[in-house]
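Student: Pasting the sequence and the predicted coordinates here, then a few questions.
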Amino acid sequence: MYRKFRNDIKKYWKYAVYSARAQLKSEIANSYLSWLWWILDPFCFMLIYVFIFGVVFNSRAPHFPVFVFTGNTMWNFFNKNLIQSVTIVKKNRAIVSKVYLPKYILLMSRMGVNAFKMAVASTIIVGMLIFYRIPITANIWFAIPILITLTLVVFGIGCFLLHYGVFVEDLSNVMTLVLRLVFYMTGIFWDIMDKLDPPYNAIVCRVNPAAFLLHNLRECVIYGRTPDWKLLIVWFFIGLGISILGIRKIYKNENSYVKSI
Amino acid sequence: MEEKYAIEVKDLVISYRNLKKLNLKETFFKWKRTKAETFVAVKGISFRVREGEILGIIGKNGSGKSTTLNALAGIFSPDSGTIDLHGHSISLLSIGVGFQKEMTGRENIMLSGMLLGFSENEIKEKEQKIIDFAGLENFIDMPVRTYSSGMYSKLAFSITAILETDIMLIDEVLSVGDQRFKKKSFRKMKKLISDESRTVVIVSHNLNTLRELCNTVLWMDDGEIKMKGDPETVLDAYEAYMEEE
């Protein structure tokens, strides 16, 4: 399987990148504000959350706007990829019924689109750190292994959702509900460690990958602390394991997809 | 002289596990669980196609023709048996694959070409030829959504026709666009098919087309090969069989 995967990546990588570029271009083709939407979208959500939780509910988390913006940026990547992976084969029916391409390439291409949007939003985070005079320490580099782990976890889960999304009609509805629950258990606009009582806060922060990765991302980007290395390595290998199993699942079943969509 | 083969298919079996669409209500509230049924579409067929040969495949609906063609193209993987292409490039002729309407014609040439397995350089080399054949010089940098259906078909056909592979798989012979382009595209198809260096496999219900174009015809029935031989013999036998039915 490894050799097939390596050859397929070599063959289809450029298509995945080109297709991601095409999708990004298509998304803004008819809008007046064009690429500004990639910045405006997360920025406006941040303003809404800051108003509701900072002003109305009077949250006292330090550097609250950066706190919310970081959470929202990472959550968008996590949430959109998982939701979109459920229907990705069906939406690309015209392609998968005419040519062979490994189906996870469709997911990689979509993840490329969402990663680009996350990268644009990340530049705003750096701007906000400077604007709010939050000290930028060397620990900010820890964001890289955290984001790599996030990508692996999302890709792995996404592969399974891609597979089951072909056969289970209402998986989209289920995932919308599940992700809504995960959203509230991740702490986008509050700190899980403050809001939940011990030991539940620590448990949620360990077993929910989105909460764990976001908490540690904030620790190293906003508060200049080092992340929980040991658990990060554990989640990295969990992500890698799920990804390998997910790719295996797709390779094993992808010749049945065309007949079911 | 030893004959060179472009395609060698040995004991090919393709089955579909009938993984029915599920919904949660059925999954949780159904008392009896049904096993995934397996439908064998191609039942251990073997055949060889010489380099430069034009092979036609006939058979009634559900006989496994298109499944075989899709397996040759790599869209379905065999459950058992082998398909050896001896290193030849292969593509299933289909128009407009991977087109994105918001992208320009030029960008769609690249996108579609990559999906058909060509490298960026190979596509760039043939880009101008595609544009010329489609006759869309003035529109090629406009989004495809602004094209008329005729212009869309012309571009889509030209990509497929100009980006040639060693082995071409054709599911019904294509001719698209207005009357003039229809003739032009059919002529191009005939030229592509008749090229001696190219191996072609055509699935068609049109017996006249197969009589006109093919060197050999393979008749499939219920996932098995019923007959293989020269077009006259096989097509006559097929016609007689279909009339009896």
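Tutor: Nice, I can see it.

Student: Low-confidence stretches in chain B?
Tutor: B:1-2, B:17-37, B:95-96, B:173-177 (pLDDT under 70).

Student: Going by residue numbers, what spans are helices in it?
Tutor: Ranges of helices in chain B, per DSSP state H, are B:24-29, B:65-73, B:105-115, B:120-134, B:149-162, B:179-194, B:207-213, B:231-244.

Student: The ones you listed: which one's closest to chain A?
Tutor: Of all these, helix B:105-115 sits nearest to chain A, with 4.2 Å by C-beta to the nearest C-beta. Every C-beta, even on glycine, is put in place using the N, C-alpha and C of the backbone.

Student: Could you confirm whether that closest one reaches chain A?
Tutor: Yes. Applying C-beta under 8 Å from any C-beta of the partner chain, one finds that helix B:105-115 is in contact with chain A at B:Glu107, B:Met110, B:Leu111, B:Met114, B:Leu115.

Student: and chain B, what are its domains?
Tutor: B:5-30+B:37-89+B:202-244, B:92-199 (automatic domain parsing).

Student: about what we covered before: reformat the helices of chain B into TSV and put mean neighbour count next to each item.
Tutor: Below are these laid out as TSV (neighbours: other C-beta atoms under 10 Å in any protein chain shown):
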stretch	mean neighbour count
helix B:24-29	10
helix B:65-73	22
helix B:105-115	23
helix B:120-134	16
helix B:149-162	23
helix B:179-194	16
helix B:207-213	16
helix B:231-244	14
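
Student: For the ones you listed, give me a markdown table that also has distance to A:Asn7.
Tutor: Formatted as a markdown table, the helices of chain B follow (distance: least, C-beta to C-beta, whole Å):
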| stretch | distance to A:Asn7 |
| --- | --- |
| helix B:24-29 | 37 |
| helix B:65-73 | 17 |
| helix B:105-115 | 16 |
| helix B:120-134 | 18 |
| helix B:149-162 | 24 |
| helix B:179-194 | 28 |
| helix B:207-213 | 34 |
| helix B:231-244 | 38 |
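
Student: Any idea which of those helices gets closest to A:Tyr104?
Tutor: helix B:105-115 (15.3 Å; C-beta to C-beta).

Student: ok, and what's touching the closest one?
Tutor: With contacts defined as C-beta atoms under 8 Å, 6 or more residues apart in numbering or on different chains, helix B:105-115 is touched by A:14-15, A:18-19, A:22, A:25, A:95, A:99, A:101, B:96-100, B:103, B:120, B:122-123, B:127, B:130-131, B:134, B:136, B:139-142, B:144, B:147, B:155-156, B:159, B:163.

Student: now swap in stretch A:36-52 and tell me
Tutor: Stretch A:36-52 is contacted from outside by A:27-28, A:31, A:33, A:64-65, A:68-69, A:72-73, A:76, A:116-117, A:120-121, A:124, A:188-189, using C-beta under 8 Å, 6+ apart.

Student: May I see the buried residues of that stretch?
Tutor: Residues A:Trp37, A:Trp38, A:Pro42, A:Phe43, A:Phe45, A:Met46, A:Tyr49, A:Val50 are the ones in stretch A:36-52 that count as buried (16 or more other C-beta atoms under 10 Å in any protein chain shown).

Student: taking the mean pLDDT, what do you get for it?
Tutor: Computed over stretch A:36-52, the mean pLDDT rounds to 82.

Student: what does stretch A:202-211 give?
Tutor: 92.

Student: Can you give me the neighbour number for whatever residue of the stretch 101-250 of chain A ends up closest to chain B?
Tutor: Nearest residue of the stretch 101-250 of chain A to chain B: A:Glu169, at 4.4 Å (C-beta to the nearest C-beta). By other C-beta atoms under 10 Å in any protein chain shown, 14 other residues sit near A:Glu169.

Student: next one: the one 4 residues further on
Tutor: Residues contacting A:Asn173 under the criterion other C-beta under 10 Å number 12.

Student: Check which helix or strand it maps to.
Tutor: If you go by DSSP states H and E, A:Asn173 is part of helix A:171-184.

Student: Which strands and helices lie in contact with that helix?
Tutor: Packing partners of helix A:171-184 (3 or more C-beta pairs under 8 Å, 6 or more residues apart in numbering or on different chains; DSSP states H and E): helix A:64-91, helix A:143-167.

Student: Give me the next element, helix or strand, following the longest one.
Tutor: It stands for helix A:64-91. Following helix A:64-91 in sequence order, the next helix or strand is helix A:93-96 (DSSP H and E).

Student: contacts for that following helix?
Tutor: Helix A:93-96 is contacted by residues A:89, A:101, A:103, A:106, A:257-258, A:261, B:75, B:96-99, B:115 when judged by C-beta under 8 Å, 6+ apart.
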